[in-house]
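Undergrad: Sharing a model that was predicted from the sequence below.
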Amino acid sequence: MPVIIVENDESEWDDATGESYHFPKRYLQYLQPGTPVIYYKGKQRSNQYAHVRLDKNPYYFGVAEVGKITPDGNSSKGDHYCEILYYRSFEQAVPASNPVTRETLEVIPASRASNFWRDGVRPCSQEVFDRILEASGLIVLPQQVVPVETNDDRQGVADAYETIVEDGTGRKVYGTRYERNPRLRARALQVHGPVCKGCGFDFEKVYGAHGRGYIHVHHLNPIASTGGMLAVNPQHDMTVLCANCHSMIHRYPKKMLSLPELQAIIARQHPSLAFPP
Ligand SMILES: [Zn+2]
Ligand SMILES: [Zn+2]
């Protein structure tokens with residue numbers, strides 16, 4: 001079950017955001033290796049923290065996964081540390097409650113109405129976890145699943161296939177099923193539209209109804225398999241390219257072009273094509 005972990009501006013706990021989390025023994029039942037977590041920060045209590053906060057009001061600010069758990073050798077009460085893996089901070093704060101309706105993203109059981117927010121570690125349903133992520137603009141891919149780009153026509157059609165990839169240490173990993181997440185593509189299209197960000201090519205304009213909705217989705221930073229959770233922000237981590245621009249950006253596998261590099265080449269060669277105009 002996913003868990004919300006609290007990290008306040010001032011605390012007696014020895015936390016390092018995105019690296020490790022320090023907690024009392026009673027939360028061992030929730031924090032286990034592999035547990036997905038979302039970071040939460042309570043209300044701002046002192047102005048001195050204003051410059052490091054994203055908002056005065058309580059908010060969520062990152063997603064990660066729990067790694068190894070180790071006892072805190074200096075604690076007589078049985079406190080523990082856990083590693084925080086694959087941390088990804090949100091680009092903007094996700095408010096814990098709607099400022100107008102006061103409705104909270106987390107579900108507060110009636111029995112906990114008076115002290116719910118006091119808990120530093122709060123289990124939440126998958127639904128709540130997804131709701132917070134949705135508001136953050138991130139899509140989290142579960143363990144062992146990484147998006148794989150294809151340059152072929154089936155982008156957006158094929159959701160899964162078998163492949164051979166290298167793991168982090170350069171070994172070949174065979175037979176792993178790598179799934180592409182159709183939500184990633186759908187979201188990338190939603191935020192970036194169907195027009196090539198390299199040259200402005202519009203498939204529908206040239207090919208009519210036959211070309212409508214066709215575009216390649218490109219990951220700006222190639223994603224290596226981490227073996228664990230992977231959070232992707234379609235707006236910031238992805239873009240859309242026509243088939244030609246996509247081939248050019250990947251032409252030399254050792255030196256993938258950045259989007260601005262590709263745009264600069266086109267602007268130099270064909271100022272009339274340059275996109276954005
Ligand atoms: Zn293009
Ligand atoms: Zn690509």
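TA: Yep, that arrived. Numbers count the residues shown, from 1 in each chain. Ligands and ions are numbered 1, 2, ... in the order given.

Undergrad: just the helices in the stretch 101-250 of the chain please.
TA: Using DSSP state H, counting those that start in this stretch, the helices of the stretch 101-250 of the chain run over 126-136, 182-192, 203-207, 234-237, 243-249.

Undergrad: average pLDDT for the first one?
TA: Spelled out, it's helix 126-136. In this model, helix 126-136 has a mean pLDDT of 94.

Undergrad: What of the third one?
TA: For helix 203-207, the mean pLDDT works out to 95.

Undergrad: now for the helices of the stretch 101-250 of the chain, which one comes closest to ligand 1?
TA: Comparing these against ligand 1 with Cβ to the ion, the closest turns out to be helix 243-249 (3.2 Å). Where you see a C-beta, it was placed from the backbone N, CA and C, and this is true even at glycine.

Undergrad: Looking at that closest one now, give me its mean pLDDT.
TA: Per-residue scores along helix 243-249 average to 89.

Undergrad: give me the element Glu261 is part of.
TA: Using DSSP states H and E, Glu261 sits within helix 259-269.

Undergrad: and that helix, does that touch ligand 1?
TA: No. Helix 259-269 does not reach ligand 1 (Cβ under 5 Å from the ion); its nearest approach is 7.8 Å.

Undergrad: For Ala135, which non-adjacent residue is spatially closest?
TA: Spatial nearest neighbour of Ala135, chain neighbours left out: Val94 (4.5 Å); criterion: Cβ to Cβ, 6 or more residues apart in numbering.

Undergrad: Go through the chain and flag its longest strand.
TA: The longest strand of the chain (DSSP state E) is strand 80-95.

Undergrad: tell me the angle of that one relative to helix 126-136?
TA: 60 degrees (axes from the mean of the first three to the mean of the last three Cα atoms, to 10 degrees).

Undergrad: Now strand 80-95: buried residues?
TA: 80-82, 84-90, 93-95 (16 or more other Cβ atoms under 10 Å).

Undergrad: which one among those gets closest to Glu19?
TA: Ile84 (5.6 Å; Cβ to Cβ).

Undergrad: and of the buried residues of strand 80-95, the nearest to Ile266?
TA: Nearest to Ile266 among these, with distances taken as Cβ to Cβ, is Arg88, at 31.5 Å.
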